Each structure stands twice: as structure tokens, then as C-alpha cells.
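Chemist: Based on what follows, work out the 3D shape:
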Amino acid sequence: MRLQFSGEVWYWRGPAPFHYVWVDEPGTARLHEVAGLVSYGWGCIAVHAQLGSTRWDTSLFPKDGSYAVPLKTAVRRAEGVELGDVVSLTLEVPGAPA
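Modeler: From the prediction side, this is the model:
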């Protein structure tokens, strides 16, 4: 399964501070359809992510009925991304039906 969407970068200052982007509503709906096949521990979903020319592996975190995509500091630096920027992401979900 491949998802492409745009979203605003937001910051969570919890015990492990990180920057995230929400998966959009159509993408969230598709993820909910396959979550039983591809999720692990607390409903996380492993993905291959791409922002600009930077690719990395990460896991989506379920929160408030949607999924948050964590943006590693190295990814944000490589792509010049700051808090509040709107970015375009591509996610590939291994093991999910196309």
C-alpha cells in the first residue's frame, strides 16, 4: 500500500520530544482497513517513508483516531524542514494489500 499526502509539521514535547505530521483522512481510512494485518504493539504500523529525496524506515503512531508520522531530526535537517512547514510525504506499508 502506498499513501501520498501533505500535512503540517507539529511538535510533541512529551518524555521523548519529536516532530510529527498527521496522516490525512483518506490515508487514515485506508490504514484502518489494513491495521489488523500490519500493526504491532499498541497499534503502531511500520512504514518506509519519503520526504523530498530523503527515505527512512519508521513506525506510525496511532493517536486520536489518526496516525502520526515521526520526522527524525536528520530527515528534517536534510530537507530543511521546520516546525509549521507543510510537507508532502509518501508512505509504503510493507505487508499491506495494494
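Chemist: Could you pull up phi and psi at the residue in the chain sticking out farthest from the centre?
Modeler: Distance from the centre of the chain peaks at Pro15, with 19.3 Å (C-alpha atoms, centre = their mean). Phi and psi for Pro15, reported as degrees, to the nearest 10, are phi -60, psi -20.
Chemist: got the contact list for it?
Modeler: The contact partners of Pro15, taken as C-beta atoms under 8 Å, 6 or more residues apart in numbering, number zero. In short, each C-beta sits where N, CA and C put it, glycine included.
Chemist: Start from the N-terminal end of this structure and give the helices.
Modeler: Assigned by DSSP state H, the chain shows helices spanning 25-38, 73-79.
Chemist: that older thread, distance check, the residue farthest from the centre of the chain against Ser66.
Modeler: The gap separating Pro15 from Ser66 is 21 Å, by C-beta to C-beta, to the nearest Å.
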